[in-house]
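Trainee: Here is the input, now give the coordinates:
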Amino acid sequence: MGHHPVEDSNNSNNRPFEEIINARLSRRRMLTGTASAATVSVLGAFGLAACGGSRSSNSGSAGTPADTGGLTVAPNKLGFRAVPTSLEDRVIVPEGYRADVLYAKGDPLISGLAPFRNDGTDVDYDNRSGDEHDGMHFFGLNSNGQYDATVSDRGILVLNHENLEDTTLHETTTAKQDAIDASDAATLKKIVDREMGGHGVSCVEVRKTDGKWSVVLDSPYNRRLTIFTEMDMKGPVAGADFVRTRLSPDGSKRFGTMNNCANGYTPWGTYLAAEENWYAYFATLETAELDALSDKEKAWVARYGIGAAWAYRQWDLVSGDQYARFDISAMGASATDDFRNEANAHGYITEVDPFRPAQKPRVRTAFGRFSHEGAWVAPVKAGQPVVIYSGDDSRREYMYKYVSAVAWDPADANAGLVAGDKYLDEGTLYVAVFNEDGSGSWKALSIDNPELAGTQTYQLDDTTSLDFDFQNQAEVLASARLAADVLGATPMDRPEWAAVNPLNGDVYLTLTNGNASNRPADQLDGANPRAINANGHIIRWKEDNANHAATAFEWDIFLFGASADASTDFNVSGLTADNEFSSPDGLFIDPRGVLWIQTDDGSSGIRSTTNNQMLVAIPGTVGDGESVTVTTSDSSDQASTPTFVGQSAEAVQLKRFLVGPRGCEITGITMTADARSLFINVQHPGEGGSAAEFNRDVSTWPATSGDATAVGEADNRPRSATIVIYREDGGEIAI
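Mentor: Sure thing, here's the model as predicted:
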């Protein structure tokens, strides 16, 4: 996603992840001797606001594994030549491949719309693609209008529009403020409607004809979900006093979804949109308003960063309740007279049925409230619970999983939101603890967990503490971060996308990066076992007995990002010019077991030599690597510490498959069941350009020809877009 300040409210004293790494191998698996010594200051984690965010591992990661008839499952070799690094303003793919622009910002969903002007004056985003394409899934659509995971030439593409590239969105960069200053209510409303409509989700039918994909205009499945869309609140939080507002006096509904980053999909054919930085869209409370809150309410505001100013868009300055709800001040006589509770209704997972457009989306509160990066469903098995993984993408936050109370019944395939009611509203939310010996455990965020009983304390700052308690399960879930603090969850380096290997069940998670300016080297509370972890790494784990509902697991580190010319002490995974990467973000394991890594690198040294990229590997399994000695270098008193990593980049055949245009993030990834069409998103090309040039001084991509590998015309304002990649000979991609 676009880069932004990263919320940091975890003041708990939970044991930092790298401290666990530093201790773990003193008792574990010193099997093959030491490899290279990785220089490590245990800096924690901050980094770029990468989101980008993923999805679940694709076909075969959620629900019944896709039909793999004819596919090359578990390939032992990648069949393309790695592309070089690039600073060109276009998409680079391997020889023998092509890439087409399929669905770009402003593209219509219905016929008869005026052509997209792309000059900052377009307003009808309820019938056009929104901005900043992110997490995405392709749902095969059969001739009966039903979800069919085996269909590869027709489907519904569902994708998030995470945020706005403000520099390109308006006529001028001062348009909104000019309208405010002039008290021009009509112009301000037009601008705000454009911004609110640019967020949300697209559902768009796509078809492959004569070897080329295109959008089906006027399809009954085409629709936009925006910040205005009415949604039903479901699960334990629905109806709670603390989500009742003037627009929803009984707490049964919510309007809109915003800042959706990664995503997921279910075995019953629905899409899961994950709200990430929702907390920053609300007006900041004044000191007197904060003082009037109870300790519990103060803890909620502080622990979730609610009212962080960087994304506040002044929407509440427009008349009407749909706009006023972004001001969470207590202005009325009671909560149903104002919007003091509006923020409490956000930060969950939203379920969308692409096949039943008339049905309202449902907000699944049983997943807990935090900055959801995505929602990745493990492969389901009849008679076993549905398990869904979700990371909290903020500094020193946690990894969670949801386990349904009801066991999966294959008869519920194609049941849509009715199946969601069955599996997603009753279950247990768990948070991960990574132990020093390489084992791990999941702790239940349940009102019945005795560890959550009684009065708890949130340390607001060095001098102020806030007392709170959990009255019921709704409060536990709405306070998921606070409950996880109490349970001693392990602070991670901004958990981003996850993916489940459909072949062996291993779970992979990107930890994007760390930054010394945000976590000084003398504060050993980061998630990374090396100094100034600007390049990030990927962790993975195997659940006990390959049961995703288990409460125990074993973990190791899969790959470390680095520049190829870094010393072997830092380039732990042995990256070369063909596979150096930084800030892993998007992650995907396709039905064949091939792993895809996308990057959102905004500031590391690698970014000066290449635009963001996508790489491919053939993953191994947890425990297939060797012990590595990590040397902390944050003081004159250096200490060598063992840790355990997977095989080298060479051993997993890591290769660069794609490089994007200038200023972009590579994110969102999904594949057809036949592995012959790969969809990805190019988000915010041109980011970092000048306002005066509407980012055109960095990028003018995409070209009007629709060829993603072409450079755009000089007067183009850059646009986020979904592209589709094919092999020119029609074969399976990457192998």
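Trainee: Can you give me the neighbour number for the spatially closest residue to residue 259 that is not a sequence neighbour?
Mentor: Closest residue to residue 259 apart from its sequence neighbours, by C-beta to C-beta, 6 or more residues apart in numbering: residue 277 at 4.5 Å. For every residue, glycine as well, the C-beta is placed using N, CA and C. Burial of residue 277 is recorded as 28 neighbouring residues (other C-beta atoms under 10 Å).
Trainee: Next: residue 108.
Mentor: Neighbour tally, residue 108, other C-beta under 10 Å: 19.
Trainee: now swap in residue 143 and tell me
Mentor: If you count neighbours by other C-beta under 10 Å, residue 143 ends up with 8.
Trainee: same question, residue 680
Mentor: 29.
Trainee: what do you get for residue 574?
Mentor: The burial count for residue 574: 19, using other C-beta under 10 Å.
Trainee: what sits against it?
Mentor: 36, 568, 648-650 (C-beta atoms under 8 Å, 6 or more residues apart in numbering).
Trainee: Quick one: end-to-end distance for stretch 607-626.
Mentor: 29 Å (C-alpha to C-alpha, to the nearest Å).
Trainee: Could I get the buried residue list for that stretch?
Mentor: 607, 610-623, 625-626 (16 or more other C-beta atoms under 10 Å).
Trainee: those helices in this protein, which residues are they?
Mentor: Applying DSSP state H to the chain gives helices spanning 17-24, 166-169, 175-181, 185-198, 287-291, 295-303, 321-324, 417-424, 473-478, 480-486.
Trainee: and these, which is most packed in?
Mentor: helix 480-486 (a mean of 26; mean count of other C-beta atoms under 10 Å).
Trainee: Give me the mean pLDDT for that one.
Mentor: The average of the pLDDT scores along helix 480-486 is 98.
Trainee: what's the answer for stretch 441-454, then?
Mentor: Mean per-residue pLDDT for stretch 441-454: 98.
Trainee: Same check on stretch 510-517?
Mentor: If you average the pLDDT values across stretch 510-517, you get 71.
Trainee: now stretch 175-195
Mentor: The average pLDDT within stretch 175-195 is 97.
Trainee: Please name whichever of the helices of the chain is nearest to residue 205.
Mentor: Residue 205 lies closest to helix 417-424 among the helices of the chain, at 19.3 Å (C-beta to C-beta).
Trainee: List of residues touching the closest one?
Mentor: With C-beta under 8 Å, 6+ apart, helix 417-424 has contacts from 234-235, 266, 268, 270, 349, 351, 353, 356, 359, 362, 364, 366-367, 386, 402, 404, 406, 408, 412, 415.
Trainee: Now which of those residues would you call buried?
Mentor: For the contacts of helix 417-424, buried by 16+ other C-beta under 10 Å: 234-235, 266, 268, 270, 349, 351, 353, 362, 364, 366-367, 386, 402, 404, 408, 412, 415.
Trainee: Surely residue 616 touches residue 78?
Mentor: Yes: between residue 616 and residue 78 there is a contact under C-beta atoms under 8 Å: 5.9 Å.
Trainee: okay, and the common contacts of the two?
Mentor: Contact with both residue 616 and residue 78 is made by residues 594, 653, 655, 734, according to C-beta under 8 Å, 6+ apart.
Trainee: Neighbours of the first one, how many?
Mentor: Number of residues near residue 594 (other C-beta under 10 Å) recorded here: 26.
Trainee: Before we move on, what's the pLDDT of it?
Mentor: The predicted local confidence for residue 594 comes out at a pLDDT of 98.
Trainee: same thing with the one 4 residues further on?
Mentor: In this prediction, residue 598 carries a pLDDT score of 98.
Trainee: Spatially, what comes nearest to it if we skip its sequence neighbours?
Mentor: In space, and not counting its chain neighbours, residue 598 is closest to residue 586: 3.1 Å by C-beta to C-beta, 6+ apart.
Trainee: Confirm for me that that neighbour is in contact with residue 668.
Mentor: Yes: contact criterion C-beta under 8 Å: residue 586 and residue 668 qualify, at 6.8 Å.
Trainee: Residue 462: which of the contacts of residue 574 is nearest?
Mentor: For the contacts of residue 574, the closest approach to residue 462 (C-beta to C-beta) belongs to residue 36, at 39.5 Å.
Trainee: Quick one: end-to-end distance for stretch 694-713.
Mentor: Chord length of stretch 694-713, first to last residue, is 14 Å (C-alpha to C-alpha).
Trainee: same deal with stretch 300-308?
Mentor: With C-alpha to C-alpha as the measure, stretch 300-308 spans 13 Å from end to end.
Trainee: Run through who's touching it.
Mentor: Stretch 300-308 is contacted from outside by 5, 7-10, 279-280, 282-285, 290, 293, 328, 343-344, 347, 369-370, 394, 458, 460, 466, 478-479, 481-482, 485, using C-beta under 8 Å, 6+ apart.
Trainee: Show me how to select, in PyMOL, the buried members of these.
Mentor: PyMOL command restricting the contacts of stretch 300-308 to the buried ones, with burial defined by 16+ other C-beta under 10 Å:
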select buried, resi 7+8+9+10+279+280+282+283+284+285+293+328+343+344+347+369+370+394+458+460+466+478+479+481+482+485
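Trainee: The residue nearest to residue 259 against residue 370, yeah?
Mentor: No: proximity of residue 277 to residue 370 does not meet the contact threshold set by C-beta under 8 Å, at 11.1 Å.
Trainee: intersection of neighbour lists for the two?
Mentor: With C-beta under 8 Å, 6+ apart, residue 277 and residue 370 have no common neighbours.
Trainee: Please report how far the residue nearest to residue 598 lies from residue 619.
Mentor: Distance, residue 586 to residue 619, using C-beta to C-beta, to the nearest Å: 15 Å.
Trainee: list the contacts for the residue nearest to residue 535 when sequence neighbours are not counted?
Mentor: The shortest distance from residue 535 to any non-neighbouring residue, by C-beta to C-beta, 6+ apart, is to residue 561 (3.3 Å). Contact analysis of residue 561 by C-beta under 8 Å, 6+ apart lists 513, 535-537, 575, 580-584, 606.
Trainee: Look at the closest residue to residue 342 other than its chain neighbours and say how many residues are nearby.
Mentor: Nearest in space to residue 342, with sequence neighbours left out and distances taken as C-beta to C-beta, 6+ apart, is residue 325 at 4.6 Å. For residue 325, the count of nearby residues is 25 (other C-beta under 10 Å).
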